[in-house]
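**Q** Provided below are the primary sequence and the corresponding predicted coordinates.
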Amino acid sequence: MKQHYIFGVVGQHIAYSKSPEIFKAIFSFDNTAGEMNIYNIEQGEFETVFRSLVTTKNIDGLSITIPYKEAVMPYLDSIDPVAKTVGAVNSVAVADGKTIGYNTDCYGFSVPLQPYRDRLQGSSALVIGYGGAARAVVYSLVTDFNVRTIHVTGRNRNKLLLFQRTMLDVFPDMNMMISELSTYNRQQQKKYAIVVNCTPLGGWNYQEQSVLPDGLLWRSVSMYYDLNYNNDNKSVVEAKRAGITTITGMPMLVAQAVRSYELWTGRNVSVADVMSLIISQE
C-alpha cells in the first residue's frame, strides 16, 4: 500500500467543493494518508493543466466535474465501457503514466435511490439538463431502475435534440420526449415518479436561480432529486414544502467518491460510514 495518496478534483468555479472533506473521511475510515486538492481551471487552460497534472504531479486519481466530463475524454489513454456508453467521464485513475476514465456518477446516483426501487420500476421521469451528469442519470434510471419513459427539458433545443439522439442510440427502445424549458407547460406533464435536476442552477454558484419549469405541478411528482448539494437550494426547499420525497446531491457525491477511491487504490470503504460522518459535520 502507498504511504500517501494524492488526488484532485478538476473543474471550473469549484471553490465550494466538498471533495476534500469527503476524502478526508475516506482516508480516516481506511486508516490511510492522503490529500484531495482542488484544481480550479479555466476552459482555455484545461488541456495544458490536465496533461501537467497527470504527468508531473504524482497524481493517483482525479475527479472531473463541471464543465469537463466530456472534454477530458480525448486526453485519456483508455475509457471504461460504462463511461464510453454514457459519453462522460467523472473519474480518472492514473497509474504507471497511463490514464483510465470511468463514470462513477451512474453508481453514485443510484445508491440513495435503492430504497425506492419499487416506486421507480416501469415509471416516468423528468430530467432537467442535457450534460454529462444528465446522461449518467438517464443511464442509471434505465439500467438500474427500469424507468421506461423519460422527459428531458432544458434551455437549448439543439442540445436537447443531440442529447435525445445520443441516448436513443444507447437505448433504442426507450420512450424519450424533449421540450425546451420555455415551452414546458402543464398539459405536457404526466405523473412523474421522479424529477431530477442535473444542472448547476440552484447550486452553490446560482443559489438565486430555479431550474424548475414554470408549469411543474408538485402534486404530480413523487420524488425530487437535485444533484446540487447546497443546503439552501430553493428547489429542494420547495419540494420539501410540497411534501414529496427529496434527495440532495450529497449522497451521490459521497457514493461516487467512494467508488472512485476503490478504482484508484483497490481498497474498499463503506459509503454509509462516510455519509454518516459528513452529515454529522454539516
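**A** Yep, that arrived.
**Q** Which parts of the chain belong to which domain?
**A** 5-103+252-281, 107-248 (automatic domain parsing).
**Q** tally of neighbours for residue 266?
**A** With neighbours defined by other CB atoms under 10 Å, the count for residue 266 comes to 8. For the C-beta atoms, the positions are set from N, CA and C on the backbone; glycine is no exception.
**Q** Now it, what are its backbone angles?
**A** Here is the backbone geometry of residue 266 (degrees, to the nearest 10): phi 80, psi 10.
**Q** quick one: it and residue 30, what's the gap?
**A** Noted for residue 266: a distance of 11 Å to residue 30, by CB to CB, to the nearest Å.
**Q** quick revisit: as JSON lines, the domains of the chain with mean pLDDT would be great.
**A** Formatted as JSON lines, the domains of the chain follow (pLDDT from 0 to 100):
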{"stretch": "domain 5-103+252-281", "mean pLDDT": "94"}
{"stretch": "domain 107-248", "mean pLDDT": "88"}
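**Q** Between the two ends of stretch 212-225, how far is it?
**A** 12 Å (CA to CA, to the nearest Å).
**Q** What are the contacting residues of that stretch?
**A** Contact with stretch 212-225 is made by 109, 112-113, 116, 119, 126, 128, 153, 181, 184-186, 188-197, 235-236, 238-239, 242-247, as judged by CB atoms under 8 Å, 6 or more residues apart in numbering.
**Q** So which of those are in helices?
**A** Of the contacts of stretch 212-225, the ones assigned to helices by DSSP state H are 109, 119, 235-236, 238-239.
**Q** Are any of the residues you listed buried, and if so which?
**A** Those of the ones in helices among the contacts of stretch 212-225 that meet the buried threshold are 109, 235-236, 238-239, by 16 or more other CB atoms under 10 Å.
**Q** okay, those in a markdown table with distance to residue 91 next?
**A** Below are these laid out as a markdown table (distance: CB to CB, whole Å):
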| residue | distance to residue 91 |
| --- | --- |
| 109 | 13 |
| 235 | 27 |
| 236 | 25 |
| 238 | 32 |
| 239 | 29 |
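**Q** Pick the one among these closest to residue 132.
**A** residue 109 (12.0 Å; CB to CB).
**Q** So the closest one sits against residue 254, correct?
**A** No - counting by CB atoms under 8 Å, residue 109 stays clear of residue 254, with 11.8 Å between them.
**Q** Any buried residues in the lengthiest helix in the chain, and which?
**A** Scanning the chain for the longest helix, with DSSP H as the assignment, gives helix 250-265. Residues of helix 250-265 classed as buried by neighbour count (16+ other CB under 10 Å): 250-261, 263-265.
**Q** Return the list of helices and strands in contact with that helix.
**A** strand 5-11, helix 19-30, strand 61-64, strand 91-95, helix 105-110, helix 271-281 (3 or more CB pairs under 8 Å, 6 or more residues apart in numbering; DSSP states H and E).
**Q** where exactly do the strands run in the stretch 101-250 of the chain?
**A** According to DSSP state E, counting those that start in this stretch, the stretch 101-250 of the chain carries its strands in the segments 124-128, 149-154, 175-180, 194-197, 223-226, 245-247.
**Q** tell me the most buried of these?
**A** strand 194-197 (a mean of 26; mean count of other CB atoms under 10 Å).
**Q** What are the contacting residues of stretch 27-39?
**A** Counting by CB under 8 Å, 6+ apart, 1-11, 14-15, 17, 19-20, 22-24, 49, 53, 63, 261, 265, 267, 269-270, 273-274, 277 sit against stretch 27-39.
**Q** Of these, grab the buried ones for PyMOL.
**A** For the buried members of the contacts of stretch 27-39, the matching PyMOL selection, counting by 16+ other CB under 10 Å, is:
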select buried, resi 5+6+7+8+9+10+11+14+17+19+22+23+24+53+63+261+265+269+273+274+277
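**Q** angle of the host helix or strand of residue 35 against helix 19-30?
**A** Counting by DSSP states H and E, the element that carries residue 35 is strand 34-40. Inter-element angle recorded for strand 34-40 and helix 19-30: 170 degrees (by axes from the mean of the first three to the mean of the last three CA atoms, to 10 degrees).
**Q** Residue 120 touches residue 142, doesn't it?
**A** No - checked against CB under 8 Å, the pair residue 120 and residue 142 is beyond contact range at 10.6 Å.
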